[in-house]
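J.: Structure for this input, please:
(one chain, ligands or ions: 2)
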Amino acid sequence: MQESFENIIDALAGQGLYVGTSILPALLTSQLYERVLALSSTAQLQSARIGRDARAAEVSAIRSDQTRWLDEMPIDPAEREARAKIEDLRAALNETLFLGARSAELHFAHYTPGASYKTHRDQFGDHDARVVSLVFYLNPVWQGAYGGELVIYDNERAPPPTSRASPQLARVLPVAGTMVAFRSEMFPHEVLAATRHRFSLTGWLRRDG
Ligand code: OGA
Ligand code: MN
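T.: Ligands and ions are numbered 1, 2, ... in the order given. Sure thing, here's the model as predicted:
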């Protein structure tokens, strides 16, 4: 088992939240960045509001990013390698934490300047199959002045979306080399608007197949 998995396992077993070094190598992260830039410049990402879901309109009021789901067996080599790494993490988490995560769903996300994702949880009700949320940041350069932080709030004391004075567990700058992992049911979180284009690979380990 890789060293970096152990830090994630310990964090998920404890507080339920990991913010730290990515399990994806730097070269792969830069290849994923090139990939999402190419997809975005050829209009291959879609507004999150374009869904099959009956709640699509409601969703568009809280999030304004653009996404593209990865295939189960991606043809693109960088996507394929990322999926393989994340499958390794899924297996390690199942062995150690008995998560019973049977699959991983992954999408690229692009926040254009001004786009945001208001405070939410990644699990929508008890029936939801998401157990662990993962975010891998792709921008090689990111400064605090750009905004765009992921803000993670205390589980018990979720703030109203407009509040900035509520208990924050973490504020994460979306820069390549950083990843976040957390138990999907536990933490309300939001993505603040940025002044630059913000790219990530985001995923969820799921209980279903
Ligand atoms: C999400 C999300 C966080 C981020 O896509 O559900 O919360 O930092 N993303 O991009
Ligand atoms: Mn989320």
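J.: Low-confidence stretches in this protein?
T.: Filtered on pLDDT under 70, the chain yields the residue ranges 1-3, 49-60, 124-126, 156-166.
J.: again, only using 90
T.: Scanning the chain for pLDDT under 90 picks out 1-4, 47-62, 123-128, 154-167, 208-209.
J.: Residue in it with the shortest distance to ligand 1?
T.: Scanning the chain for proximity to ligand 1 using C-beta to the nearest ligand atom identifies residue 150 as nearest, at 3.4 Å. For every residue, glycine as well, the C-beta is placed using N, CA and C.
J.: For burial, what's the neighbour tally of the closest residue to that residue other than its chain neighbours?
T.: Ranked by C-beta to C-beta, 6 or more residues apart in numbering and with sequence neighbours excluded, the top spatial neighbour of residue 150 is residue 172, at 4.3 Å. Residue 172 has 19 neighbouring residues, counting by other C-beta atoms under 10 Å.
J.: now do the one 4 residues further on
T.: A count of neighbours around residue 176, defined by other C-beta under 10 Å, yields 21.
J.: go on, residue 142?
T.: Using other C-beta under 10 Å, residue 142 has 20 neighbouring residues.
J.: And the residue nearest to it when sequence neighbours are not counted, its phi and psi?
T.: Leaving aside its sequence neighbours, residue 142 sits nearest to residue 175 (C-beta to C-beta, 6+ apart; 3.9 Å). With angles defined as degrees, to the nearest 10, residue 175 sits at phi -120, psi 140.
J.: For residue 175, list the residues it contacts.
T.: Contacts for residue 175 were tallied using C-beta atoms under 8 Å, 6 or more residues apart in numbering; they are 137, 139, 140, 141, 142.
J.: before we move on, the earlier item: who does the residue of the chain closest to ligand 1 form a beta bridge with?
T.: Beta bridges link residue 150 to residue 172, residue 191 when assigned by DSSP bridges.
J.: Now for it, how many residues are close by?
T.: Neighbour number of residue 150 under other C-beta under 10 Å is 21.
J.: separation between it and residue 47?
T.: Residue 150 is 20 Å from residue 47, where distance means C-beta to C-beta, to the nearest Å.
J.: now do residue 153
T.: From residue 153 to residue 47 the distance is 26 Å (C-beta to C-beta).
J.: Compare those two (neighbour count), which wins?
T.: Neighbours were tallied for residue 153 and for residue 47 using other C-beta under 10 Å; the higher tally belongs to residue 153 (20 against 15).
J.: So what does the closest residue to that one other than its chain neighbours look like in phi/psi?
T.: In this structure, residue 153 finds its nearest non-sequential neighbour in residue 188, 4.6 Å apart by C-beta to C-beta, 6+ apart. Phi and psi for residue 188, reported as degrees, to the nearest 10, are phi -70, psi 140.
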